[in-house]
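Engineer: I would like the atomic coordinates for the input below:
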Amino acid sequence: MPTGQFGILFMGPGQLSGVPFGDGLFCISPGGGLASQDGIWRFPPTSSGPAGTITLGPGIAAYASSSFGPSGMLLPGETRLFQGWYRDPGGECGGAFNVSNAMEVTFAP
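Structural biologist: The predicted structure follows:
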């Protein structure tokens, strides 16, 4: 990631096949189950600092429980997809922002 730029971690229950978004592909969807269980949630903006990295955690499950309501809680056995969005003013494709690869995580008991 570029140094000194802000980024946001997104979380959702569903997967997209890659929708063009900035200089990358957005891969998270709100899911297709019950409306009360669907959504895309975002964690607070964080700076990449001088190292060009953003790290969240430990504590993302506690944050999700207190901030996203019941549908965004990270419970044992649930699977969520995570993807980062970040400012990239000097990006090669001219979009001024980009996204990371998405990662699927299943939470263990």
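Engineer: from Gly90, how far off is Thr46?
Structural biologist: Relative to Gly90, Thr46 is positioned 20 Å away (CB to CB, to the nearest Å). Placement of C-beta: from N, CA and C, glycine included.
Engineer: and if you look at Gly77?
Structural biologist: 42 Å.
Engineer: check Gly39 too.
Structural biologist: In this structure, Gly39 and Gly90 are 32 Å apart, going by CB to CB.
Engineer: looking at these two, which one has more neighbours?
Structural biologist: More crowded of Gly39 and Gly90, by other CB atoms under 10 Å: Gly39, with 16 against 9.
Engineer: pretty sure that one sits in a helix.
Structural biologist: No: according to DSSP: H, G, I helix; E, B strand; the rest coil, the state of Gly39 is coil, so it is not within a helix.
Engineer: which ones are touching it?
Structural biologist: Counting by CB atoms under 8 Å, 6 or more residues apart in numbering, Gly39 makes contact with Gly12, Pro13, Pro30, Gly31, Phe68, Ser71, Gly72.
Engineer: count of neighbours near the nearest residue to the fifth one once chain neighbours are set aside?
Structural biologist: Yep, that's Phe68 we're talking about. Nearest non-adjacent residue to Phe68, counting by CB to CB, 6 or more residues apart in numbering: Trp41, 4.7 Å away. Trp41 has 19 neighbours, counted by other CB under 10 Å.
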